[in-house]
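**Q** compute the structure for the input listed below.
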Amino acid sequence: LHPGTFAGFFPAVWLDHCGAHSGEAERHVGALALAKLCVETPEFLAQEGLQAAWPRAVSTCVGLLERDETGAAGAGNDDDDDAIDEGYHASYAKLHHAAEAAAVPCRDADVRRTLAVGLQRLSAARPGTLMPALHAFADSAQSAKGLRTHLSNYFQRAGIDPSTVH
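**A** Take a look at the predicted model:
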């Protein structure tokens, strides 16, 4: 890949579509991938184009986790089951509406704990930079509603005092 390709591809393509997963398995795997990418990839915070996408990636991960738990979002509209999205080629319609996988891969992975422990580790390595970026994103983006509360719950579940993560 050319330098900077991932920085352009990730927020514009991958991140936009990751939040649209509707199946439990897809949401779980997507959330795990985002959590690992956000907290275990130093290059993610080193590249200028990716730094701006980092809070949105964490927020998308939390959104996938919470949809997974509640099942409220992503259920789809029953009236539109036979509809084909704009720009969607009809020859792929059967794949688009195929049944979801029965087994959830990586089901034993505690994504919330992975995210909380990783954020604590990153916060210790970069004090005063990451959490303010997340809080600013949560304050500015409607899609990040409840981000602070969910992260605080994740920290508490992992046995981490939320006030120590800054």
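
**Q** switch to C-alpha atoms for all contacts and neighbour counts from now on
**A** OK.

**Q** against Gly128, how distant is Val111?
**A** To Gly128, Val111 is 24 Å away according to Cα to Cα, to the nearest Å.

**Q** and the two? Which one has more around it.
**A** Comparing Val111 with Gly128 by other Cα atoms under 10 Å, the one with more neighbours is Val111, at 23 against 12.

**Q** from Val62, how far out is the more buried one?
**A** To Val62, Val111 is 9 Å away according to Cα to Cα.

**Q** and for those two, which residues touch both?
**A** Ala31 (Cα atoms under 8 Å, 6 or more residues apart in numbering).

**Q** need the contact partners of the helix or strand harbouring Ser123.
**A** Using DSSP states H and E, the element containing Ser123 is helix 111-125. Residues from elsewhere that reach helix 111-125 (Cα under 8 Å, 6+ apart): 28, 31-32, 35-36, 39-40, 65, 129-131, 151, 154-155, 157-158, 160, 164-166.

**Q** element containing the spatially most central residue of the chain?
**A** Closest residue to the average C-alpha location of the chain: Cys61 at 1.9 Å, with Cα atoms, centre = their mean. For Cys61, the host element (DSSP H and E) is helix 54-70.
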